[in-house]
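Engineer: no sequence on hand, only this structure:
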């Protein structure tokens, strides 16, 4: 196929049509018609004027040349692109941005204009502070999100088992056995409490799963939650708004299963924080007994 295209290309380049010879043949034909004027009366249509015939013949010759050249060029250049294909011209190169002095028509001798502020990595310009310094807000590290209140420890700053009007103790119930145990929290308050939150944390020593909880105070006065956190169980009792705890001794208990055998409660802890007469108190303790 490449050889055929090459031959056609060479033939098209060497071809030189003899225009004078073709026009001479047309003139001879017109002279022959002029010698036999009666030809039009023998069923032929009237012939147009000589000048119109010459012009028509010239146009026909030109059309033949153009059609032939187009055909040869199509073969030489190969197949045309498929229908519907539209070429996309390359995008023009972005024009340079004129300097502020040039766009404003200022004096060329006025000196170079002040450089523009560098763009911020996000695409926005960095604004300066009134004193010309850099805005430090963009460089500040994001604030660390605080854990939700439900996962924060109760009374993290408590220093002991007693604080003012509030006293506490933690122990393992004597009815605990080789498969089940109860952690008992005992609180004494010398004043009525308007706020109270109690937390018990039972370490995961193997097979520890929740089986229930209770309190000596009315159940409707507290919101109770039990969740797994930090490799153990967390029990929490929170006094509802508008409720009060009377002065006296009160008990909270968490119950759970555990792996067979005696369980060491040395890693278990409890904590509580309370409010009475506008004064806060916080206590914290642990368990030393093994069930």
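Structural biologist: Alright, I've got the coordinates. Model, not experiment: these values are computed from the prediction. Residues are numbered from 1 along each chain as shown.
Engineer: use CA for all of it now, contacts and neighbours both
Structural biologist: Noted.
Engineer: so after the lowest-mean-pLDDT helix or strand in the chain, what's the next helix or strand?
Structural biologist: Sorting the helices and strands of the chain by mean pLDDT, DSSP states H and E puts helix 100-103 at the bottom, at a mean of 41. As assigned by DSSP states H and E, the chain's next helix or strand after helix 100-103 is strand 162-163.
Engineer: show me how the record splits the protein into domains.
Structural biologist: The chain breaks down into these structural domains: 2-77, 153-286 (assignment by automatic domain parsing).
Engineer: pLDDT of stretch 244-260, averaged?
Structural biologist: Averaging pLDDT along stretch 244-260 yields 98.
Engineer: list the buried ones in it?
Structural biologist: Going by neighbour count (16 or more other Cα atoms under 10 Å), the buried part of stretch 244-260 is 245, 249, 250, 251, 252, 253, 254, 255, 256, 257, 258.
Engineer: closest one of these to residue 278?
Structural biologist: residue 245 (14.2 Å; Cα to Cα).
Engineer: please name the bridge partners of that closest one.
Structural biologist: residue 193 (DSSP bridges).
Engineer: all helices of the chain, in order?
Structural biologist: Secondary structure of the chain (DSSP state H): helices at 2-14, 19-35, 50-77, 100-103.
Engineer: rank those by pLDDT, which is bottom?
Structural biologist: Minimum mean pLDDT among these: helix 100-103, a mean of 41.
Engineer: need the buried residues of stretch 244-260 in CSV (columns: distance to residue 169).
Structural biologist: What follows is the buried residues of stretch 244-260, written out as CSV (distance: Cα to Cα, whole Å):
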residue, distance to residue 169
245, 18
249, 11
250, 11
251, 10
252, 11
253, 12
254, 14
255, 17
256, 19
257, 22
258, 22
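Engineer: contacting residues around residue 241?
Structural biologist: By Cα atoms under 8 Å, 6 or more residues apart in numbering, the contact set of residue 241 is residue 195.
Engineer: so how far does stretch 189-196 reach from one end to the other?
Structural biologist: One end of stretch 189-196 sits 11 Å from the other (Cα to Cα, to the nearest Å).
Engineer: do stretch 269-288 as well
Structural biologist: The first residue of stretch 269-288 is 10 Å away from its last residue (Cα to Cα).
Engineer: before we move on, what about stretch 235-247?
Structural biologist: End residues of stretch 235-247 are separated by 23 Å (Cα to Cα).
Engineer: now do stretch 3-22
Structural biologist: End residues of stretch 3-22 are separated by 32 Å (Cα to Cα).
Engineer: buried set for that stretch?
Structural biologist: Quick answer for stretch 3-22 (16+ other Cα under 10 Å): 5, 9.
Engineer: for the remainder of this discussion, apply numbering that starts at 10.
Structural biologist: I'll keep to 10 as the first residue from here, and by that count the last item is stretch 12-31.
Engineer: residue 215 touches residue 268, doesn't it?
Structural biologist: Yes. Applying Cα atoms under 8 Å as the test, residue 215 and residue 268 come out as touching, 5.4 Å apart.
Engineer: okay, and the common contacts of those two?
Structural biologist: Common neighbours of residue 215 and residue 268, counting by Cα under 8 Å, 6+ apart, are absent.
Engineer: where does pLDDT dip in the protein?
Structural biologist: Applying pLDDT under 70 to the chain picks out residues 10, 24, 26, 42-159, 298-300.
Engineer: surely residue 247 touches residue 229?
Structural biologist: No. Using Cα under 8 Å as the test, residue 247 is too far from residue 229 to be in contact (10.8 Å).
Engineer: between those two, which one's more packed in?
Structural biologist: residue 247 (17 against 10; other Cα atoms under 10 Å).
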